[in-house]
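In: Here is my input; please provide its structure:
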Amino acid sequence: MTLIKKLLIRNYKDTDRPEVRFRYGIVAGVIGIVFNLLLFGAKIAVGLIGNSLTVVADAVNNLSDSGSSAVTLFGFKLSSRPADKEHPFGHARYEYVSGLVVAFLVLAIGVLLAKSSVEKMITPEVVSVTTLTYVVLALSIGIKVFLALLNRNFGKAIDSAPLMASAADARNDILSTLTVLIATVVIDTTGVNLDAYFGLAVSVFIVVSAVKLIRESIDPILGTRPDPDQVRLIREKLLSYPHVKGIHDLMIHNYGAANCFAVVHVEIPADTDLMEAHDMIDDIELDFKKNLGIHLTIHYDPIVTDDPELNAILQKVSAVIASLDQNLTMHDFRLVRGITHTNVLFDVVVPFECKLTRDDIVCSLDAAFVGEETKYYFVIDIDRKYE
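Out: Below is the predicted model:
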């Protein structure tokens, strides 16, 4: 694959550049269209001559793959357009849309083939097998192995959902064509006409694969939990800066694989000089943009670190929170002291799968602080984990 990249993609290692990503998509799309059209022509001829619905179904699947490659190519063309007034974050999400269109095309083909297979079960027809049938099917498997490896390699290189979907589709086509080859061998050696049944098996396989591709294409459009490795990298890098004591409310939004935006709250000791803190935040944001390609926006949260009462309460509250659920975390912990009582304010990050409510947490804290000399009121905001 490296040779293909060197020959057809200028500066192929600079995958963060939009024009390089575009070139990857164009090369993969054109190769996919050419090979799938060749396979369609060969299979449709062999299938019609031999009256084999199974081979015809596989041929139509290759035609749909050509259409899929064309849609992918068109998607890369649209996604390479620069940001404009109406789309200030760029057009890179067209890649996700093209992947969704490809998935629906594959689904439609699978349903139509299933319909044809059922009809042929009701009215079976004689199927003939020739040497050319075996040659075409074997060649098809070899080409699909190449396309699967190509799209997977290119997809991983530029983190492209449509190319990874094409790789998965090519992998499915290998299994599909193997099924056709088995059906052909059975028909040729035994004379038992299972053509329609194998055709139905191929179509069901196509439908199941299409549904999976639809789900995988919709997820990034809706917005999914970010990559844990990316979250870990951001967290570790932020905590490596001086004065940064903690982070929370990290939210990551991707407008295409090479267009990432993130927002985070950074905890810095309250006694840090404001200008120094502001200067550090500017440096962090520039560092993330230059070295990670992430457009990071930081909210500065000053935290008190030299208040004995606050630290003692924080330690006790932390123990109570951990006893309720080890996955709970908290942030923005502060005290507002009054004449008759002290308000303890903080946010609790509750995982989506956790069923604890604000009242559950407050009741547990009230019970833990019974008998304290100072009356504490717990004012809690429930937060969600977006990372």
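In: separation between residue 349 and residue 261?
Out: Going from residue 349 to residue 261 by CB to CB, to the nearest Å gives 21 Å. In this view, the C-beta of every residue, glycine as well, is placed from N, C-alpha and C.
In: Could you look up the SS state of residue 116?
Out: helix (DSSP: H, G, I helix; E, B strand; the rest coil).
In: count of neighbours near it?
Out: By the criterion of other CB atoms under 10 Å, residue 116 has 17 neighbours.
In: where in this structure is pLDDT low?
Out: Within the chain, the segments meeting pLDDT under 70 span 53, 125-128, 256-258.
In: Tell me where it has helices.
Out: 2-8, 18-50, 53-79, 94-122, 131-158, 161-190, 195-222, 228-239, 274-292, 308-324, 358-368 (DSSP state H).
In: Just name the most buried of these.
Out: helix 53-79 (a mean of 24; mean count of other CB atoms under 10 Å).
In: Tell me what residue 266 is bridged to.
Out: With DSSP bridges as the criterion, residue 266 is bridged to residue 247, residue 300.
In: which one is the residue nearest the centre of the chain nearest to, not counting chain neighbours?
Out: Residue closest to the mean C-alpha point of the chain, counted by CA atoms, centre = their mean, is residue 220 at 5.3 Å. Leaving aside its chain neighbours, residue 220 sits nearest to residue 96 (5.0 Å; criterion: CB to CB, 6 or more residues apart in numbering).
In: wait, what's in contact with the one you found?
Out: 161, 162, 217, 220, 221 (CB atoms under 8 Å, 6 or more residues apart in numbering).
In: With residue 72 instead?
Out: Per CB under 8 Å, 6+ apart, neighbours of residue 72: 25, 28, 29, 32, 98, 99, 102, 162, 163, 166.
In: The fifth one contacts residue 70, doesn't it?
Out: In this case it means residue 98. No - between residue 98 and residue 70 there is no contact under CB atoms under 8 Å: 9.7 Å.
In: Looking at residue 349 and residue 261 now, which is surrounded by more residues?
Out: residue 349 (20 against 14).
In: In this structure the more buried one contacts residue 385, no?
Out: Yes - when contacts are counted by CB under 8 Å, residue 349 is listed as touching residue 385 (5.3 Å).
In: Give the residues shared as contacts by those two.
Out: With CB under 8 Å, 6+ apart as the test, residue 349 and residue 385 both reach residue 329.
In: tell me the contacts of the closest residue to residue 374 other than its chain neighbours?
Out: Of all residues not flanking residue 374 in the chain, residue 342 sits nearest, at 5.6 Å (CB to CB, 6+ apart). Residue 342 makes contact with 335, 336, 374, 375, 376, 377, according to CB under 8 Å, 6+ apart.
In: Quick check: the last one touching residue 344?
Out: Put plainly, it is residue 377. Yes - assessed by CB under 8 Å, residue 377 is found in contact with residue 344 at 6.9 Å.
In: More neighbours: which of those two?
Out: residue 344 (20 against 16).
In: shouldn't that one be in contact with residue 313?
Out: Yes - assessed by CB under 8 Å, residue 344 is found in contact with residue 313 at 6.2 Å.
In: what sits in contact with each of those two?
Out: Contacts common to residue 344 and residue 313, judged by CB under 8 Å, 6+ apart, are 335, 376.
In: Phi, psi for residue 84 please.
Out: Phi and psi for residue 84, reported as degrees, to the nearest 10, are phi -140, psi -170.
In: ok, how many other residues are close to it?
Out: Residues near residue 84, counting by other CB under 10 Å: 9.
In: And it, how far from residue 194?
Out: Residue 84 is 56 Å from residue 194, by CB to CB.
In: how many neighbours does residue 1 have?
Out: So residue 1, with other CB under 10 Å, has 12 neighbours.
In: need the contact list for it.
Out: Shown in contact with residue 1 (CB under 8 Å, 6+ apart): 149, 150, 153, 154.
In: Hmm, residue 162 and the last one touching each other?
Out: Same thing as residue 154. No - using CB under 8 Å, residue 154 makes no contact with residue 162, being 10.2 Å away.
In: Mutual contacts of the two, please.
Out: With CB under 8 Å, 6+ apart, residue 154 and residue 162 have no common neighbours.
In: ok, now how distant is the nearest residue to residue 132 once chain neighbours are set aside from residue 134?
Out: Nearest non-adjacent residue to residue 132, counting by CB to CB, 6+ apart: residue 46, 5.8 Å away. As for residue 46, its distance to residue 134 is 10 Å (criterion: CB to CB).
In: same deal with residue 107?
Out: 30 Å.
In: Please apply the same query to residue 49.
Out: 14 Å.
In: if we can go back for a sec, a markdown table please, covering the helices of the chain and showing distance to residue 299.
Out: Output for the helices of the chain, formatted as a markdown table (distance: least, CB to CB, whole Å):
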| stretch | distance to residue 299 |
| --- | --- |
| helix 2-8 | 41 |
| helix 18-50 | 29 |
| helix 53-79 | 30 |
| helix 94-122 | 29 |
| helix 131-158 | 32 |
| helix 161-190 | 30 |
| helix 195-222 | 25 |
| helix 228-239 | 12 |
| helix 274-292 | 9 |
| helix 308-324 | 21 |
| helix 358-368 | 23 |
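In: Tell me which of those helices approaches residue 251 most closely.
Out: Judged by CB to CB, the one of the helices of the chain that comes nearest to residue 251 is helix 228-239, at 10.6 Å.
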